[in-house]
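Student: give me a 3D structure for the following:
(2 chains)
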Amino acid sequence: MSNNLSKLIVILGSTASGKTDLSIKLAKKFNGEIVSADSRQVYKGMNIGTGKITKKEMKGIPHHLLDVASPRIKFTAARYKKLAHKAIKQIIQNNHIPFLVGGTGLYIQTITDNIVIPQVKPDWKLRAQLEKLTTQKLFRLLKKKDSRRAKTIDSKNRRRLIRALEIIKKTKQPIPVFKKNKPEFDLLIIGIKKSQQDLKKLIEKRLYKRLKQRMITEVKRLKKQGLSWKRLEEFGLEYRFIAQYLQNKITYNQMTDKIQKGSEHYAKRQMTWFKRDKRIHWINKPKQAEKLIKTFLL
RNA sequence: GGCCUGGUACCCAAGCAGUUAGGGGACUGUCUGCAAAACAGUUUUACGCGGGUGCAAAUCCCGCCCAGGCCU
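Tutor: Okay, here's the model as predicted:
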C-alpha cells in the first residue's frame, strides 16, 4: 500500500454533518492544516449563510481556500483545483498534514481523481448568445460538431450543452474523453455518515441559529454592496430564499420552509454523489476517524 | 325549506361521453469549469355516494351526502 506520494486526508460529508468540528479536532491532534472544499465559502462576505468557520473556532489551525474570491465573480471548479493544489503542496512543505474538508463533491473530485478540466475558460459572452437558443437546437448543434460527446451528454441539460459547445468552439476540436487520473497524493478519505432523520434535525437547529446570527442582515449587506438579486439567488439555499423573501416574492415562513427542504434535498444529492466513490471510509464517531488516521500516518 | 355553484390521485387544477391533461410537492437518481447549481425518472387508470341510460360515463339522467353562496 505505501508509496512515495505525500499524504492527504479528506473529510467529507453532507451539509450539517459536522465536518467543521471534526476537522478541527483532527487537525489539532495530527498537526494539520485545513483546505476547505466548499463552493460558497470561497466567497468573501458570505459567512453566516455558508456556515463559515470563525477565527475563534479555528483554534489556531490555518485554513485555506476561504474568502479567496469576490462574490461578484463566478468561481469555478478549475480555479478551485489550481488553488487547492497549491495550498496542499504548501502545507506539505511546511511539514504539516493537509486536511481537505468540505461538501462540494466536484471540487473534492478535482483533487482526489485529479480530473483534467479542459483548458477553456468560461466565455460569458458566448454563453449569453447560446442561451438564446432552444435546448433542442443546442443539442442538434452539438450532435453535428461532436457526435461522440452528444451520445453521453444530458440532452436536456442546457448548462452542460452550452459548456460543451464552448469547448468545441475554442479548441476547434471534439471534446476529449473524460477520465479520472491517478491522484497526486496518497489518500485517506473519510466520510461522515448521518441518518436522514438526524440531518433533518441538525439542519433545522442550524437554520434557527443562523437566523439569530442575523443571516438576513448579511444578505441585505451583500445587496447593498452591489450584488444583484439575480446573483444572490444564484448562490442557492439561504441566499436564494432570503433574497426572494426580501423582494417580497415569498413570505417569511415560506422562506424558512424552503431553506429547510432545500437543504435536505441538497444533503441527499451530496450523498448520492459521494456514494459512487468506493474509497470513502464511512464513520459515525470521531474516534473511528482518529483510528483510521493513526494507521494511515504510520 | 327553496335556488345556485362546486366536490377529480398528497395538494392545486383542466377535461364535460371514447388516446396518458398539466403544475406543485414528495421520492429516486445523473454529473466532462456556474455544482448550495443544472438536469432526468417515478408518483400513469383518480374523478363525493348509490342507481339509471349508452357499445362506451369523470363527462348525460335520477336520488342522496358534503362544502360554500344566495333566498325565504
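Student: so how far is RNA strand B from the residue nearest to A:Ala16 when sequence neighbours are not counted?
Tutor: Leaving out its chain neighbours, the residue that sits closest to A:Ala16 by C-beta to C-beta, 6 or more residues apart in numbering is A:Leu202, at 4.3 Å. Any C-beta I mention is one placed from the backbone N, CA and C, and that applies to glycine too. A:Leu202 sits at a distance of 14 Å from RNA strand B (criterion: C-beta to the nearest atom of the strand, to the nearest Å).
Student: what does the helix or strand harbouring A:Leu202 rub up against?
Tutor: Assigned by DSSP states H and E, A:Leu202 falls within helix A:196-212. In this structure, residues lying in contact with helix A:196-212 by C-beta atoms under 8 Å, 6 or more residues apart in numbering are A:14-18, A:48-49, A:51, A:194, A:238, A:256, A:259-260, A:263-264, A:267-268.
Student: check what pLDDT the residue in chain A that RNA strand B sits nearest to gets.
Tutor: Here the residue of chain A nearest RNA strand B is A:Gly236; by C-beta to the nearest atom of the strand that distance is 1.8 Å. According to the prediction, A:Gly236 has pLDDT 94.
Student: ok, and of the contacts of helix A:196-212, which contact RNA strand B?
Tutor: Residues of the contacts of helix A:196-212 in contact with RNA strand B (C-beta under 7 Å from any atom of the strand): A:Gly49, A:Gly51, A:Glu238, A:Glu264, A:Lys268.
Student: and these, which of them are buried?
Tutor: A:Gly49, A:Gly51, A:Glu238, A:Glu264 (16 or more other C-beta atoms under 10 Å).
Student: ok, these vs A:Val177, which is closest?
Tutor: If you rank those by distance to A:Val177 using C-beta to C-beta, A:Glu264 comes first, at 35.6 Å.
Student: got the buried residues for the helix or strand hosting A:Arg160?
Tutor: Per DSSP H and E: A:Arg160 is located in helix A:158-171. Residues of helix A:158-171 classed as buried: A:Leu161, A:Ile162, A:Arg163, A:Ala164, A:Leu165, A:Glu166, A:Ile167, A:Ile168 (neighbour count, 16+ other C-beta under 10 Å).
Student: likewise for stretch A:49-59?
Tutor: For stretch A:49-59, burial by neighbour count (16+ other C-beta under 10 Å) applies to A:Gly49, A:Thr50, A:Gly51, A:Lys52, A:Ile53.
Student: wait, a helix at the second one?
Tutor: No. Residue state for A:Thr50 (DSSP: H, G, I helix; E, B strand; the rest coil) corresponds to coil; a helix is not indicated.
Student: what about the strands in the stretch 101-250 of chain A?
Tutor: For the stretch 101-250 of chain A, the strands defined by DSSP state E, counting those that start in this stretch occupy A:186-192.
Student: contact residues of it facing RNA strand B?
Tutor: So the stretch 101-250 of chain A meets RNA strand B at A:103-107, A:117-122, A:127, A:149, A:152-154, A:156-160, A:162-164, A:167, A:175-178, A:234-240 (C-beta under 7 Å from any atom of the strand).
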